[in-house]
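A.B. asks: Turn this into a structure:
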Amino acid sequence: MNFLQLFSDLEPLKRIDRVQTRFYYEGMVDVVFFTDAEFELYKALIYRESGITFTATNRSILESRLKEQLRTLGIDSVRAHYAKISSNKEALKSFLDSITTNLTRFFRNQAHFDALENHVIPELIKIKQGSNTIKIWSAGCSTGEEPYTIAMLLSEILPPLWKYEILASDISLKCLMTAKEGFYTDSRVVGIPDKYLKKYFDKVEGGYKVHADLMSKIRFDYHNLANDSGQRNLDLVFCRNVIIYFDETAQEAVINRFWDSMANKSFLFIGHSESLFGMKTKFEFVKTQWATFYRKYT
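C.D. replies: Predicted structure coming up:
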């Protein structure tokens, strides 16, 4: 019996619901996890709900995250999974959590924090005479390293009687839980200056725990950047390495919502590989000896 005859005999056993099977010359089998049509369904849903864009280039990332979701939930059909996340908000949140990339570290892109210390904070102190509280939003905060870094820096450099409030948000509930706990393994605190590590962390078994007083300065909350945050009069917004996952339309919408949430004289930091060039936005580009960023001056 040759290979094609064997295939013919097994025809009734083929799964026609979600798996397409292609047989090659050598007799090897290539299983397509989900069809192009199913990919388009997920792609549209993800974009509509989060602004995150998947293309043929990064389709494999979506496939791997989706396979993990199906294993975790015990679902054996892509269509059944799609039906579940389409009709259940909590399931959708869990799925969006699973597809986000959460790469971060303390003092990531040190140049931004040098610019914050040497240019932005001195400017805000001049601007906010009569109001001694600086309001900050860390949008897409992941597991908390960015807002804790900002909090440590401001605790060190703000003049006496000055205060700060930090809202830290993310679309990943799992990441927010880690951030709220404030525990980081030894490998995760690499990059924190020794004086900050000793002052703002306690050494515990397996790693370090953020001091409660520093944690009290930060409010962690779930937020999807596809929606208005409701925040207003913010002095400083950090949204780094987030909009890179959006297409141009979604990027512009997010940036303009930041504009609406910010005070008349305020500052915006985005990732070093991100740019507002070509967008219809009112933000001004600022270049300093430390780093580049944007400002709202109206």
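A.B. asks: So which residues of the stretch 1-150 of the chain form helices?
C.D. replies: For the stretch 1-150 of the chain, the helices defined by DSSP state H, counting those that start in this stretch cover 3-9, 36-50, 59-73, 78-87, 89-99, 110-115, 121-127, 145-157.
A.B. asks: ok, of those, where does mean pLDDT dip lowest?
C.D. replies: Ranked by mean pLDDT, these bottom out at helix 3-9, which scores a mean of 43.
A.B. asks: circling back: with distance to T185 and mean neighbour count as added columns, please give the helices of the stretch 1-150 of the chain in TSV.
C.D. replies: In this view, the C-beta of every residue, glycine as well, is placed from N, C-alpha and C. Putting the helices of the stretch 1-150 of the chain into TSV (distance: least, CB to CB, whole Å; neighbours: other CB atoms under 10 Å) gives the following:
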stretch	distance to T185	mean neighbour count
helix 3-9	51	11
helix 36-50	29	15
helix 59-73	22	15
helix 78-87	32	16
helix 89-99	21	17
helix 110-115	21	18
helix 121-127	30	16
helix 145-157	12	22
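A.B. asks: Now the ones you listed in TSV, please, with extra columns for distance to K180.
C.D. replies: Below are the helices of the stretch 1-150 of the chain laid out as TSV (distance: least, CB to CB, whole Å):
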stretch	distance to K180
helix 3-9	54
helix 36-50	22
helix 59-73	22
helix 78-87	25
helix 89-99	15
helix 110-115	23
helix 121-127	26
helix 145-157	11
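A.B. asks: Output the below-cut-off pLDDT ranges for the stretch 101-250 of the chain.
C.D. replies: 101-102 (pLDDT under 70).
A.B. asks: would you list every one of the strands in it?
C.D. replies: 133-139, 163-170, 183-185, 201-204, 207-210, 218-222, 234-239 (DSSP state E, counting those that start in this stretch).
A.B. asks: list the helices and strands the third one packs on?
C.D. replies: This points to strand 183-185. Packed against strand 183-185 by the contact rule (3 or more CB pairs under 8 Å, 6 or more residues apart in numbering; DSSP states H and E) you find strand 207-210.
A.B. asks: Contacts for the strand it packs on, please.
C.D. replies: For strand 207-210, the surrounding residues in contact (CB atoms under 8 Å, 6 or more residues apart in numbering) are Y148, G182, F183, Y184, T185, D186, R188, V189, L197, Y200, F201, D202.
A.B. asks: What remains of those if I keep only buried residues?
C.D. replies: Y148, G182, F183, Y184, R188, V189, Y200, F201 (16 or more other CB atoms under 10 Å).
A.B. asks: Run through the residues that contact the last one.
C.D. replies: Spelled out, that is F201. Per CB under 8 Å, 6+ apart, neighbours of F201: V189, I192, Y208, K209, V210, H211.
A.B. asks: So for H272, what's the pLDDT?
C.D. replies: For H272, the predicted pLDDT is 88.
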